[in-house]
Each structure stands twice: as C-alpha cells, then as structure tokens.
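Trainee: can you look at this prediction? I've put the sequence above it.
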Amino acid sequence: MFRTPVARLVKKSIPSNFTPFHLRTASIGSALLGNQTTCKRTPYNHHHQCLNFSALPNIKQTDTHKLEPAVVELQRALWDQYLANGRGCEKLFRSLDICKNGTVSAKDVASFILTATNYEQRGKVSGVIRKIPFEKLQQAANDHHLNFPEFQSWLMDVTKVSTQTKGVIQDRYQLLPYLGGRSVDDRAFGRKYSWNETTMNQSLRRMQYAVRGEVVMKAESMLAEGRDIIFTNIGNPHSVGQNPISFYRQVLALCDLPADIGLNHPNVQEMFPKDVIDRAKSYRSAIGAAGTGAYTNSQGIYQFRADIANFIQNRDDGIPSYPGDIFITNGASSGIQSILTSLIANDCDAIMIPIPQYPVYSALITLLGGRQVGYELEEETGWGVTEAELERCLKKAISIDGLDIKAMAIINPGNPTGQVLTRDDLEIICKFCSKHGIVLLADEVYQRNVYTSAKSFISAKKVAVELENECSNLQLISFHSTSKGLIGECGRRGGYMELHGIDPYVASQLYKLASSGLCSNVGGQIMTSLMLTPPREGDDSYELFMKEESYIMNGLKRKAKILVDGLNKIEGIDCEEAEGAMYAFPKITNFPKKAIEKAKENGQTPDTLYALSLLEETGICVVPASGFGQKCGRIGFRTTFLPKEERIEKAIDLFGTHHEMFCKKYS
C-alpha cells in the first residue's frame, strides 16, 4: 500500500547496465536559475497557485526511458525522501544522470517530475511543486541541461515551502543588532563557509514559522527606528499589557528565594498571605532540599503531576487520570515536538493537521522529515469539521500519495480560527481516529478561553471515554500550557501532556526521550501546578485572585467582540465570531486583482503584501493567513485581541483606513 522507504532500496544492488531516469548534459544558464519571480505556497495551503500539468505544452509524460522496475522504485523513493526532508539531492541527481557525465537535460527532469508526482492519478500536482520554477524549466526544456549545482538550486526552489521572498529573513536577521547584526560582514571579504545553505540540515532550511516571520521581523526593525507598533501577531499576553496574577508570582517567589530571606524570614507573615506561605512550603518540600536550581525527575515532580491528574479528573467528571500518564513539559510546544519525534519514522509518515492550523505543527513536521496532510475546516459553518473531509483526506493520502497517516492534530479552541469544537465535532474526530488506528493529538491550551455562552470546552479524552464501545482503541495525547488561558505566563514555559491508551513500551521510550533533556524547567513545573490548583474560597488570596482573573476574562470577552464587530464593519472584510482562544481570522473579500499581480511580481503571497502594507502604513503587525494555511483563493490575516482596549479601538480605525487606501491603490 505504501511506497518503499529509500533506506531499504539503496541497499539493493544496481544492475551493471543501469541507465538512470532521463537527464543528459551541460548548463541551463541564468535564464532559468537567475532572478526568479515565484508563486508562493505553503504545504498546507495546497491549492494556492498549484500547477496543473494539463496546461503545459511540449512535455509528454511518456517521454521516459525504459528502466527496470527496481530502478524506477529507487528513483521514486529518492524523490519521496527529498520531499520529506530535503535530503538526498545528490543521490537523486546521480540516479537521473543517464550518461554519467555530470549533467541532466531539463526536458528529462520535467518528464521525471510528471511521473514522480503521480500525474496519471491526480491530473495535477497539488501541494508538491511550485508553478513558476517548473514553468521556467519547461520553457528551457528543449535545449538546456543542468549540472549538479544548478539542479540542486532549481530543486530547492521548486519544492520550497516558504511564503517569503528568498533571502528576506536572512537580510532582516542580519540588519537587527539584537539578533544577527555584526559590525563586519565576513561575506564582503569573500569568506566561504563549508557549512552553508546547501550543506546545512535541509529540513531546517525548509521549515517555516510565520508567527515570527518576515512581517514580524520588519515590525521589530521599525520599532528599533522609533515607530509605534501595535503587535497583534502572537498570543503573548504580558507583552501587550496583561498583568500577572499575584498569587502565582508570590508562591513562585517564595519557592525561588533562599529560605532565610523568604519562608524563614521573621517578617514573612507580614509580606505574604498565609495560603501563599503554606503553598510555598508544600512545593519546597516536594521539590526537595536542592531547591529550584536543581534537575528534577525527567517526567516532572511527582506532586505536580498528581495536581495535574486531579485537575483532569475533576474537569472530566471523575474520569480517572494518573500521575504516571503525565509528562510536564517546557510549554505545550516541546511536548508536541517530543510526540512528533516519536511518531515520524520514515519519509512517507504523515500527520493530518487542520487547515488553518497553528504553524508549530507544519514547522515541526518539516523539521522531522514527515509529511503534512491538511484537512480543511469549514469557515461557512464556524470552522467546523466533517467526517467526509477527514475520510477524503485519508483516502487521498493513502491511495494517491502513498502516505502512512500516523497521527491527527486538533486545536480546541482553535488557533488561528477561534472556534470551540462541539460535542458532535469531537465525536466525529475520536471515532475517525479510533477506526483507522490514528493517534489523536489534542491541543487544548486554550481550554479556559471560551467567551460564548452557547458553548463550553469539552476535552477529547472525556468524549473518547464516554464513547467506550466506539473509541476503545483510541490512542490520545492531550496538551495544555501556562502560556494561554487567563494566566498568560508564556515566558515560564510550563505545560503538560497526558497519555491515554498509549502502548506502555512507547511511553517508556517517551520517558527516555524526556531524559535526554534531563527535565523541564522547575519554574514552569511550579507554574503549571499553580494554574490548575488556584486558591480556594476562604483562603486569604481568594478574593484578590478572583478579582484579577475576572478582570482578565471580562476584558478578553469585550475585546474579542470589539475586534470582530469592528472588522465586520469594514467593507470587504468578513470575520467569524471569536468563540474562544485569543485570535480573529478575517478574510478579505474584495482583494484587488492588481494587488495579486503585484504580489506575484514580488514573489509574495497576496496576504503578505497586504500585511506588510498594513504594517508600514499603520504600524499594526498581523500574520498573513497563508502562514496558517487556508482554502484556495482565500486571502486574510490573523490578529490577536490581546492589546489594551484603547489600542484595539485605535487598531480598528486604522484597519479600516488602510483597507480603503490599499484597495484604491491597486484598483
């Protein structure tokens, strides 16, 4: 059912009369590999300007050499490996170099691409290669050839997953003095580096993370120049004015302070509430005499894991949870990375991710050499999920793409979409994953951030257990974090993952992986426990705690409504209700055609052009929607509603002014 991994094939002996696929001699020249104006796509925005080969003349799919099946299989496996992790370019080139003279013909490269991308079954190559670099190859196909450096450069470009112009991130990074700025640029003196773009880890080169990408780096450079920037690009509450909750910080302080100036200070009762002191004593006892500066158990301090298990059990109406199934992590992201590291075993292993999605998934899957299969959420129904879409994506991944779906991610409440999944949605998802033996990754870091009275958060674990007959085989990992909710302690890097229905052997290997990092940071472990065990009614800190939490929650509710209502009043912008999380994900319905052409000319996605224009004209920093993935033809952006209320109101006026100006400019 699945294609053979390349590692197994390269061990097979190659026939002595081996004549690899296509490709002959010389150099394609600057016409093909010079200044490249590219259409941008992401692996999850797989419809955007994808290439339909039926529209390309002069390339016949049957224009191939007759090869032994083992050789064809090897070439296909090498192609799969390159798509997965960017590795094996030289092996692929050698397998295509028919004359063994170090060159390949552009015509044969194009023919190979047609065959390797299953054109017969697809009718087009969607989400595999980019249109403009391939068209340049096609135009040169009759009389041009590529040597290895040119082939490598072209292959890197045609399979690039970036939504950004080549070199932009590097240039911006080196211009910012607090990042990569240097007093002297070694390249100006002709210095050569053996560790460079082509020799570095190609999976890292291909990885993208739009939340801190091109637009944000431009915003930071403008901030350094004295511009007033409204940062709405990332869910980082304290950075835009949210105050920390007193109880959490007081307990953490007493855990960190040496005892003689903290818990054992003669005036400690005057400086801290009694429940803070009692909690700090309990935590210090659990941590041990070595204190917060020492390593802990790699899975996390047992008392803190017991606190997490008790929280989950109470949240899920008594469904059991066990400390042994809990791993405390450096935020949810590190837990997600450890699970994906353990799941992705070969080049054809794939993870289903929602479209739109939070780009940590696409970034880590690319880094780890896996493949992404996007299932589209329905914007028209409030970003819901359907069984038909899940089955369609699974069938295509297996029967056409030859992939092995190992896991599926959900984000509830949604990032960037802000929806809260219904019980029906979760039942569809849990049944689907159980039926097909797919591990479910439930990203539930926004479970406290629900603003609509019509819905409430329901955990995937609760639904799975209550559907015992239909989900008895479900394998589930759930994630939570101190970065979101009402706590917003992003810099503490606290969080956890819970294993449910996971093979004990796999769990032991996850512990081994955690051990290689020694432990998660102790401050984050403390903060995770605090988040889930707040003061109780009657405690000294309870009244202040409830006042601070209510202020944050009520503010988020108001700001979510102010932002969404304000965006919907702008002609040409539509935005679904932000039911939860911290974001709005509007779409632009009257995007000018000339702006699309300008973006193509610049080598940008249209929404990157729009976001950069918005930033330069107004100082508002948003993230282009293409960084999260979206349906073909959709153009939009993600913005948070975390800044102070007056900043949100100012931003709405600026959104409207800019949108009108932008549309007129490109009318």
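Mentor: The structure has been received and is ready for your questions.
Trainee: now the helix or strand harbouring A651 - C-alpha only, PDB.
Mentor: In the assignment (DSSP states H and E), A651 maps to helix 645-665. These are the backbone C-alpha positions of helix 645-665, laid out as PDB (Å, rounded to 0.1, in the frame of the first residue of the first chain):
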ATOM      1  CA  GLU A 645      -8.800  48.100  24.900                       C
ATOM      2  CA  GLU A 646      -7.900  51.500  23.700                       C
ATOM      3  CA  ARG A 647      -5.200  50.100  21.400                       C
ATOM      4  CA  ILE A 648      -7.800  47.600  19.900                       C
ATOM      5  CA  GLU A 649     -10.200  50.500  19.200                       C
ATOM      6  CA  LYS A 650      -7.400  52.500  17.600                       C
ATOM      7  CA  ALA A 651      -6.400  49.500  15.500                       C
ATOM      8  CA  ILE A 652      -9.900  49.000  14.200                       C
ATOM      9  CA  ASP A 653      -9.900  52.600  12.800                       C
ATOM     10  CA  LEU A 654      -6.500  52.000  11.300                       C
ATOM     11  CA  PHE A 655      -7.600  48.700   9.700                       C
ATOM     12  CA  GLY A 656     -10.500  50.500   8.000                       C
ATOM     13  CA  THR A 657      -8.400  53.400   6.800                       C
ATOM     14  CA  HIS A 658      -5.700  51.200   5.400                       C
ATOM     15  CA  HIS A 659      -8.100  48.800   3.700                       C
ATOM     16  CA  GLU A 660      -9.700  51.600   1.800                       C
ATOM     17  CA  MET A 661      -6.300  53.000   0.900                       C
ATOM     18  CA  PHE A 662      -5.000  49.600  -0.200                       C
ATOM     19  CA  CYS A 663      -8.000  48.900  -2.400                       C
ATOM     20  CA  LYS A 664      -7.800  52.300  -4.100                       C
ATOM     21  CA  LYS A 665      -4.000  52.000  -4.600                       C
END
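Trainee: neighbouring contacts of it?
Mentor: Applying CB atoms under 8 Å, 6 or more residues apart in numbering, the contact partners of helix 645-665 are 230, 232, 240-241, 555, 558-559, 562-563, 566-567, 569-573, 588, 590, 592, 595, 610, 613-614, 617-620, 639, 641, 643. All C-beta spots, glycine's among them, are computed from the backbone N, C-alpha and C.
Trainee: so which elements touch the helix or strand where K557 lies?
Mentor: K557 belongs to helix 542-568 when assigned by DSSP H and E. Secondary-structure packing of helix 542-568 (3 or more CB pairs under 8 Å, 6 or more residues apart in numbering; DSSP states H and E): helix 246-256, strand 583-584, helix 645-665.
Trainee: so I287 touches V522, yeah?
Mentor: Yes. Between I287 and V522 there is a contact under CB atoms under 8 Å: 6.8 Å.
Trainee: common neighbours of those two, please.
Mentor: 296, 301.
Trainee: pick out whichever of the two has more residues nearby.
Mentor: V522 (25 against 20; other CB atoms under 10 Å).
Trainee: so the residue nearest to that one when sequence neighbours are not counted: helix, strand or coil?
Mentor: Excluding the flanking residues, the one nearest V522 by CB to CB, 6 or more residues apart in numbering is T292, at 4.4 Å. For T292, the assignment made with DSSP: H, G, I helix; E, B strand; the rest coil gives helix.
Trainee: how much space separates T292 from P273?
Mentor: Distance from T292 to P273, counting by CB to CB, to the nearest Å: 21 Å.
Trainee: touching, the residue nearest to V522 and C255? I think so.
Mentor: Yes. The criterion here is CB under 8 Å, and T292 meets it with C255 at 5.7 Å.
Trainee: now list whatever residues contact both of those two.
Mentor: Common contacts of T292 and C255 (CB under 8 Å, 6+ apart): I526.
Trainee: the two: who's more crowded?
Mentor: Comparing T292 with C255 by other CB under 10 Å, the one with more neighbours is C255, at 23 against 18.
Trainee: skip the chain neighbours and tell me the closest residue to K455.
Mentor: Excluding its sequence neighbours, the residue lying closest to K455 (CB to CB, 6+ apart) is V420, at 4.4 Å.
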